[in-house]
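> take this sequence and fold it.
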Amino acid sequence: MPCSTAEAMEKTGPATICKKASSFRLRSESLNTLRLRRIFDLFDKNGDGIITVDELNRALNLLGLETDLADLDPTVKSFIREGNIGLQFEDFILLHQSVNDTYFGYGCEGDACNEEETKSKLSQEESDLSEAFKVFDEDGDGYISAKELQMVLGKLGFSEGKEIDRVEKMIISVDRNRDGRVDFVEFKDMMRSVMVRSS
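Okay, the predicted model is just below:
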C-alpha cells in the first residue's frame, strides 16, 4: 500500500509501514518563532510588515518551489484578516502551523505517543539538520562550498549573496579541518552553537 504525500515509508522487516514525515521544525517554540520571524522578514521585500500573496509567490519561486498563483492565492487569503492586504506575522505563523499540521502531522493521535515515538524525536534534530544541510549542498557532494552558500544567500536576498569574500569568511569561521568547505559535522556544530546562543 503506497503512503500518502505526508507520510514516509519505513521498512520494518518483511512489512512496510507508513509514518508521518517531518518538516524542518525546531523543537523549541521560541526558536521556531525566531526562525519564522526571519523568514517573514525575508519574504516581506518592502518592509511594510505584511507579506502579500505576490511577495510570497516570488519568494517561493526564488527558492525553487514553483507555485501556481491560482492555487496559492485562495490558501493564503484564507489566513489574511479582514481589511488587510496580506499576511501579518501572526497570520504567517497560523499559515505555517496549518501547513505543518496538514502535511507533517505534528501532535499525537490516540496511542501514537509511545516510547518508540519519543526515541524517534530524539533523532529528529539530526534529521532536521540533515534536511537544512541539503538546502545549502546544492550539488549533493556532502559539502557546502563558498559558491553554494553564496547562491543560497543570494536566492534569499541576503547582501552576502553578492560578495564572495564575505561568504568565504563565513565558511572559514566554521571550517575546522581547513579544507575550504563545510561538511555535515561542521554544519551541525555551527547550528547547535547558534541554537544555544539564541536560547
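
> can I assume Gly49 sits in a helix?
No. With DSSP: H, G, I helix; E, B strand; the rest coil as the criterion, Gly49 is located in coil rather than a helix.

> quick one, phi/psi of the nearest residue to it once chain neighbours are set aside?
Nearest residue to Gly49 in three dimensions, chain neighbours excluded: Gln88, at 6.5 Å (Cβ to Cβ, 6 or more residues apart in numbering). For glycine as for every other residue, the C-beta is placed from the backbone atoms N, C-alpha and C. Main-chain dihedrals, Gln88, degrees, to the nearest 10: phi -80, psi 170.

> so what's Gln88 up against?
The contact partners of Gln88, taken as Cβ atoms under 8 Å, 6 or more residues apart in numbering, are 49-50, 81.

> swap in Asp44?
Neighbours of Asp44 in contact, by Cβ under 8 Å, 6+ apart: 50-51, 55.

> what's next to the host helix or strand of Leu60, contact-wise?
Taking DSSP states H and E as the criterion, Leu60 maps to helix 53-62. Helix 53-62 has contacts (Cβ under 8 Å, 6+ apart) with 42-46, 66-67, 69, 72-73, 76-77, 86-87, 155-157.

> in that helix, which residues are buried?
Buried positions in helix 53-62, judged by neighbour count with 16 or more other Cβ atoms under 10 Å: 53, 55-57, 59.

> got the contacts of Asp44 as TSV, with distance to Leu36 and pLDDT columns?
Converted to TSV, these look like this (distance: Cβ to Cβ, whole Å; pLDDT from 0 to 100):
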residue	distance to Leu36	pLDDT
Ile50	15	93
Ile51	11	93
Glu55	15	89
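
> including distance to Phe184, could the residues you listed go into CSV?
Output for these, formatted as CSV (distance: Cβ to Cβ, whole Å):
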residue, distance to Phe184
Ile50, 37
Ile51, 32
Glu55, 33
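
> alpha carbons of stretch 52-60, in PDB - could you do that?
Output of stretch 52-60 as PDB, limited to C-alpha atoms (Å, rounded to 0.1, in the frame of the first residue of the first chain):
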ATOM      1  CA  THR A  52       1.200  39.800   0.100                       C
ATOM      2  CA  VAL A  53       0.400  36.800  -2.000                       C
ATOM      3  CA  ASP A  54       2.700  38.100  -4.700                       C
ATOM      4  CA  GLU A  55       5.600  38.500  -2.300                       C
ATOM      5  CA  LEU A  56       5.100  35.000  -1.000                       C
ATOM      6  CA  ASN A  57       4.800  33.600  -4.600                       C
ATOM      7  CA  ARG A  58       8.000  35.400  -5.700                       C
ATOM      8  CA  ALA A  59      10.000  34.200  -2.600                       C
ATOM      9  CA  LEU A  60       8.900  30.600  -3.000                       C
END
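
> which one of the contacts of Asp44 is nearest Lys162?
Glu55 (20.7 Å; Cβ to Cβ).

> per-residue pLDDT, Trp119?
Slight slip there: residue 119 is Lys, not Trp. We have a pLDDT of 51 for Lys119.

> wait, doesn't Gly161 sit right on Lys155?
Yes. Using Cβ atoms under 8 Å, Gly161 is in contact with Lys155, at 7.2 Å.
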